[in-house]
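1. Give me a 3D structure for the following:
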Amino acid sequence: MSINELKSAWHEYDRKLQSTQVIHEKIITSMIKERSGTRFSVVKRNYMIGFSWMLVCLLAGCAILFGNPFDYNFKLQYVPIIIYIVCLVILLAAMVKHFAGLNSITINHHNLDVALKNIIKIYEQPQVFLKYTIIVFLFSQFILFPLSFLPKGIERLGLWPALGERLIPISISLLLFFIAYKLGAFKQRQVKKFKDDLSELEQLRAMSAELTTENPGS
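-> Okay, here's the model as predicted:
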């Protein structure tokens, strides 16, 4: 076999190798895109479900505030439900903003890395104010709301027995919250999965670039 035939055969082999590499890259990218797209759809659906549930809770809070189903006698007893309503309004507004940002993102084969970075960026936006809002919300519901029934308890039992009675629901609520926290109920698992997808995509493209550098004759 002559030198020209060897060069021709080598170039043909190199061309096929590069074509195979491109095909593999497209297949893996498509797999990551499908996986991320499915997860992204679930995230947006969960946002809608969460928003709907919080809206129902807000309406229930307004009904309690204006309907007084618990027969409150003092204005101070309404403080927990007012805090509850204000916090829900803040959280709902944050959810709308967050969802609008996510909804503006489109995942496709050509912008997969950009889309994943934008999703992660939205998840990792500073949310110190929202964290304090959630803390105030939980404090109002776990502690202040049970204490709002204290006046009636004092009328029936006296001060110290009524306080002891109120400690029961407070303790149960705090215990359930602690268990849920330890079990990871409040962790953002989705953002880690999106980060894993982005890392996998970047590794794939780095390997592809390395192979292209090693085979410049294509």
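2. what sits against His109?
-> Lys26, Thr29, Ser30, Lys33 (C-beta atoms under 8 Å, 6 or more residues apart in numbering). Every C-beta, even on glycine, is put in place using the N, C-alpha and C of the backbone.
3. Asn118 now?
-> Ile105.
4. buried ones in the host helix or strand of it?
-> Assigned by DSSP states H and E, Asn118 belongs to helix 112-123. Going by neighbour count (16 or more other C-beta atoms under 10 Å), the buried part of helix 112-123 is Leu112, Ala115, Leu116, Asn118, Ile119, Ile120, Ile122, Tyr123.
5. continuing past that helix, what's the next helix or strand?
-> Criterion used, DSSP H and E; the element after helix 112-123 is helix 128-139.
6. Could you list every helix and strand in contact with the next helix-or-strand element following that next one?
-> Next helix or strand after helix 128-139 toward the C-terminus (DSSP H and E): helix 145-147. Here helix 145-147 touches helix 79-103, helix 159-182, going by 3 or more C-beta pairs under 8 Å, 6 or more residues apart in numbering; DSSP states H and E.
7. do you know how far the most centrally placed residue in the chain is from Leu147?
-> Nearest to the geometric centre of the chain sits Gln188, at 5.1 Å (C-alpha atoms, centre = their mean). Gln188 sits 32 Å away from Leu147, going by C-beta to C-beta, to the nearest Å.
8. ditto for Ser41
-> 43 Å.
9. Ok, His98 next?
-> His98 sits 32 Å away from Leu147, going by C-beta to C-beta.
10. Which one's more surrounded, Ser41 and Leu147?
-> More crowded of Ser41 and Leu147, by other C-beta atoms under 10 Å: Leu147, with 19 against 11.
11. which residues sit in contact with that one?
-> With C-beta under 8 Å, 6+ apart, Leu147 has these contacts: Pro80, Arg166, Ile170.
12. follow-up on the earlier one: and the angle from the helix holding Asn118 to helix 79-103?
-> Angle between the axes of helix 112-123 and helix 79-103 is 170 degrees (criterion: axes from the mean of the first three to the mean of the last three C-alpha atoms, to 10 degrees).
13. Any idea how many residues pack against Leu167?
-> 12.
14. how much space between it and Ala93?
-> For Leu167, the distance to Ala93 - C-beta to C-beta - is 34 Å.
15. now swap in Ser52 and tell me
-> Relative to Ala93, and taking C-beta to C-beta, Ser52 is found at 15 Å.
16. Just the element for Lys152, please.
-> Here Lys152 is assigned to helix 150-157, by DSSP H and E.
17. And the contacts of that helix?
-> Asp71, Asn73, Phe74, Gln77, Pro161, Ala162, Leu163, Glu165, Arg166.
18. Now do the buried residues in that helix.
-> With burial defined by 16+ other C-beta under 10 Å, the residues of helix 150-157 counted as buried are Gly153, Ile154.
19. can you give me how far it is from the chain middle?
-> Taking C-alpha atoms, centre = their mean, to the nearest Å, the mean C-alpha location of helix 150-157 is offset from the chain mean by 42 Å.
20. what do you get for stretch 82-97?
-> 16 Å.
21. Now it: average pLDDT?
-> Averaging pLDDT along stretch 82-97 gives 93.
22. Same question for stretch 36-45.
-> 89.
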